[in-house]
Structure formats: C-alpha cells, structure tokens
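Peer 1: Here is the input, now give the coordinates:
(one chain, ligands or ions: 3)
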Amino acid sequence: MSTSYLIKNARILGGEPTDIRIEGGKVAEIAPGLDTSSPSGSDHSTTGSTTVIDADGLIALPGLVDLHTHLREPGREDAETVETGTRAAAMGGFTAVHAMANTDPVADTAGVVEQVHRLGREAGYCDVYPVGAVTVGLQGERLAELGAMADSAARVRVFSDDGHCVSDPLLMRRALEYVKAFDGVIAQHAQDPRLTEGAQMNESELSGRLGLAGWPAVAEEAIIARDCLLTAHVGSRLHVCHVSTAGSVEIVRDAKRKGWHVTAEACPHHLLLTDELAATYNPIYKVNPPLRSAADVEALRAGLADGTIDVVATDHAPHPHEDKDCEWAAAAFGMLGLETALSIVQHTMVDTGLLDWAGVAERMSYAPARIGQVTDHGQPIEVGAPANLALYDPAATRVVDAADSASLSRNTPYAGRELPGRIEATFLRGRPTVMDGKLV
Ligand SMILES: NC(=O)N[C@@H](CC(=O)O)C(=O)O
Ligand SMILES: [Zn+2]
Ligand SMILES: [Zn+2]
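Peer 2: Ligands and ions are numbered 1, 2, ... in the order given. Modelled structure (predicted):
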C-alpha cells in the first residue's frame, strides 16, 4: 500500500503544469520537477512507496462539495444507500456531500443524523454531512430538535425540509432565529404548496398544450421573496435550494445588494435542460422544481457567472425504475446528478466562457463548504491543506450510459448524450477513492 503520491504536471485550477506531492493525507509539496524522494529538509522517512500519477493535460480541482444530495438511507435502500451514493459522488470528483433529510425515518433527531454520518465514515468514499429536518417528520407543523442535531456527533449546520417547503411563515421565522445560536442555515425548498397543487411541469403555453398541470414561476419566487424578508428581519442565514427561474435570480440579486445573508444554488440540469423535454412525456425529465424555459436557463447561467448564485448543487435524486418507468403524472420527481455535474458545468459555464476553473472551484467546492460550515473541505490546493482533490480531463468526451452509473438507480436524464470531461482521480484525505477513472 503506497503512503504517498506524486502527481506530475497537473494544472491546478487550469494554471501552468506543476507537480503535487501528497503525503500523510496532506498536500506536502507543490512545484514543477519533483521526484519520488522525500521533500528536502523533511525529517519524515518514507517507508511506503510513492505512486507516480501522470496528470498531463489534467486539471486539479479541490475536492467538490455537494450541498444537496439525496442518499435515501435509511428507508429507501432500493433507490440508493450511503455507500452507493458516495461511490457515485467520488466518481463525480466529490469529497463531501450534504445528505438531505427526507429519508424514512426522517433525519429529524440526533439519532438519525448520527447514523447517516457514521454510515458515510464506514463506507469511506466521501465525507457525509447530514442535513437536519426543519420540522418533525417534514410535516411543517412543529420545529424538529435543531439544537440536539447541531450538538450531536454529526454537527449539523444545514437544516432543510427539502422535498417540502417550510410554508408556514411563523415556523420559518422561528427556524431562522433558532439556528443563529450556532451559525446554522436554513436551506429552503421554495415551493408554495397551494400554487403548485397537482403541478407537473413548468407553467407555460406548452403545459396547456400537453395537458399537464402547470407549475408557475411565482410559486417559487413568492416563497424566496418572503424568506429573504424574514431573514433580513431576524438577521439570520437563508440558503435557497435549486433556484430555477429568472425571477428568482433577480430576487436573490436584490437581497444580496441589500446586504442580507442569502445564498443560493442552481442545479446542473437547470443550467442545461428546458421544459420542451416534457413534450416527450418521458418522466426521466420530471423534476422538482421543473425544467424551465430557455430564458430561465440563460438567467441562471448569468446569475451563476456574476455570483448571485453561489453554488452548483446536484440535487442528486435517485429513484428505482418502477417509480420512473410509468406515465408522467404517476412518476416521481428527481434525477441523478453526482457523476455528471462537473461535465454539465464545463459544458454550460466553462466552454461558453462564463466561468474559469477558479470560478468552478469557488462554486462547487469553496462556497458550498463555507455555507455548510465544513472546515475539512473546500480549501485551495496548497501545501499543508488536507489532500482532498480531483483530477479532471476536460478534453475527454464520453457518451453517458445509465448502466455504468455507480448509483443504485438509473434515472439520469443524459443517457445517450455525449458530455465533455472525465474524472480521472479523486483523493479523500490523501487516499484515492477513484483512480484511472474507476472506483478504488
Ligand atoms: N428534486 C426532486 O425532484 N426530488 C427530490 C426532492 C427535492 O429536491 O425537492 C427527491 O427527494 O426525490
Ligand atoms: Zn427540493
Ligand atoms: Zn432535493
């Protein structure tokens, strides 16, 4: 078993090629022309061997951090487990994921969040930070034990009823007030329940033509606007999940201009796919919030480029085929995202000139770690930092095959599409979880 790695000619954040030595779980040295002997002046005697990795043409990125992943365990191990979901995460270049609370039982107690946290440690592919539910059982009636989850071994800092909106304004106010004590954040799934009763797809001329109940942009925007005002009123932190409309981007932009502590995320699928795909009636494209118009996609990209949207989060939402292989109205909402996120971001943001690789690192590693208060991840690749990093080949191309997924589920909307880029290696605390594009 090697204890150290020498990565040759990697381009850190797309910069000039350099070598990176990883030792003892940390970045030990960064310079061109390093060899396999130990760093000069180091009193560390290398007993294990050094594995040399040829990273010619590869970009080194800090390990990606997902603020929004559904791992389904406990309760829906037929869709995903902590182990399979974190394998998919590692394949996507992630070293940390926040696991959403809509499991069965719901992650609304210290016991459940500690269980999810422990399962992540045991699997060893990716650090798992459980998100705690805001309300008991996601029922939207009583606040869950936020303090007990924060004080638990899982150290929860992000709370969300994701899948459901905390629609009661008084409960939302109380939750925002409560988490101030430990600098937590409420991540809101912004969906007015009354305005979206029975909703199936983006409300537009097309939804009328297809005979699918419409999901208006205002159902999202009204909740975001209200929550920005509540956050400002109580002086707390709000994070907006899966922003999907141009109007939402405008509201968040305005809130930030006012100095309110509001952050927001966009999902890869909302940066690429549009509501026209609903015309296929293929539920692979059914997601919450729904795919929107080309103008919305444009606004999300612009918002991500100018920093209005802080984060790209996957909203990886695995579903077994019996929940997706049915008619549109009966199908579950959600799509896979972990293994394709970086490719979609390259395609929509980097190849279009909207973001450079430093901008990608900010939005897919530094910012999500900051918002989630995760200290071991989301750090620049520097000497002394924990060796959490990904090596990515932006020149590779691949045709997505759902059967190849490390996830237990197969509901990727990109099957058959050619996407740019490939994760060659992922390191978690100096240990490879992916090598040569394969799980270790
Ligand atoms: N995004 C989805 O379409 N589905 C998510 C729930 C959610 O993120 O709201 C799920 O849990 O399946
Ligand atoms: Zn959601
Ligand atoms: Zn979600």
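
Peer 1: Ala415 contacts Ser405, doesn't it?
Peer 2: No: using CB atoms under 8 Å as the test, Ala415 is too far from Ser405 to be in contact (9.4 Å). Any C-beta I mention is one placed from the backbone N, CA and C, and that applies to glycine too.

Peer 1: Between those two, point out the one with more neighbours.
Peer 2: Ser405 (22 against 16; other CB atoms under 10 Å).

Peer 1: Could you check how far that one is from ligand 3?
Peer 2: 18 Å (CB to the ion, to the nearest Å).

Peer 1: same thing with Gln115?
Peer 2: For Gln115 relative to ligand 3 (CB to the ion), the value is 20 Å.

Peer 1: How about Thr196, nearest residue that isn't a chain neighbour?
Peer 2: Ala219 (4.7 Å; CB to CB, 6 or more residues apart in numbering).

Peer 1: Helix or strand: which one has that neighbour?
Peer 2: Element membership of Ala219, judged by DSSP states H and E, is helix 217-234.

Peer 1: Model confidence at the residue of the stretch 151-300 of the chain found nearest ligand 3, what's the number?
Peer 2: Of all residues in the stretch 151-300 of the chain, Asp162 sits closest to ligand 3, at 4.4 Å by CB to the ion. Listed pLDDT for Asp162 reads 99.

Peer 1: State the phi and psi torsions of it.
Peer 2: phi -40, psi 140 (degrees, to the nearest 10).

Peer 1: Tell me which residues touch Leu170, please.
Peer 2: By CB atoms under 8 Å, 6 or more residues apart in numbering, no residues touch Leu170.

Peer 1: For the host helix or strand of it, what does the pLDDT average out to?
Peer 2: Secondary structure assignment for Leu170, by DSSP H and E: helix 169-179. Averaged across helix 169-179, the pLDDT comes to 98.

Peer 1: buried stuff in that helix?
Peer 2: 171-176, 178-179 (16 or more other CB atoms under 10 Å).

Peer 1: what about the residue in the stretch 201-350 of the chain that ligand 2 sits nearest to, how many residues close to it?
Peer 2: Proximity to ligand 2, evaluated over the stretch 201-350 of the chain using CB to the ion, is greatest for Cys241 at 5.1 Å. Applying other CB under 10 Å, we find 27 residues neighbouring Cys241.

Peer 1: Also Gly247?
Peer 2: Counted with other CB under 10 Å, Gly247 comes out at 18.

Peer 1: Run through the residues that contact it.
Peer 2: Gly247 neighbours (CB under 8 Å, 6+ apart): 217-218, 220-221.

Peer 1: which of the residues you listed count as buried?
Peer 2: 217, 220-221.

Peer 1: rewinding a little: can you pull the contacts of the residue of the stretch 201-350 of the chain closest to ligand 2?
Peer 2: 68, 160, 162, 187-190, 265, 313, 315 are the contacts of Cys241 under CB under 8 Å, 6+ apart.

Peer 1: got the residues you listed as CSV, with secondary structure and neighbour count columns?
Peer 2: As requested, these are exported to CSV (DSSP: H, G, I helix; E, B strand; the rest coil; neighbours: other CB atoms under 10 Å):
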residue, secondary structure, neighbour count
His68, strand, 29
Ser160, coil, 27
Asp162, coil, 25
Ala187, strand, 30
Gln188, strand, 29
His189, coil, 25
Ala190, coil, 27
Glu265, strand, 26
Ala313, coil, 31
Asp315, coil, 29
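
Peer 1: Out of the residues you listed, flag the one nearest to Glu23.
Peer 2: Ala313 (32.0 Å; CB to CB).

Peer 1: Confirm for me that the closest one is in contact with His242.
Peer 2: Yes: Ala313 is within contact range of His242, at 7.2 Å (criterion: CB under 8 Å).

Peer 1: Which neighbours do those two have in common?
Peer 2: 68, 265-267.

Peer 1: and those residues, which two are the farthest apart?
Peer 2: Pairwise over these, using CB to CB, the maximum falls at His68 and Ala266, 10.4 Å.

Peer 1: residue ranges with poor pLDDT in the stretch 1-150 of the chain?
Peer 2: 1-2, 38-47 (pLDDT under 70).

Peer 1: What segments of it are helices?
Peer 2: 82-91, 110-123, 146-151 (DSSP state H, counting those that start in this stretch).
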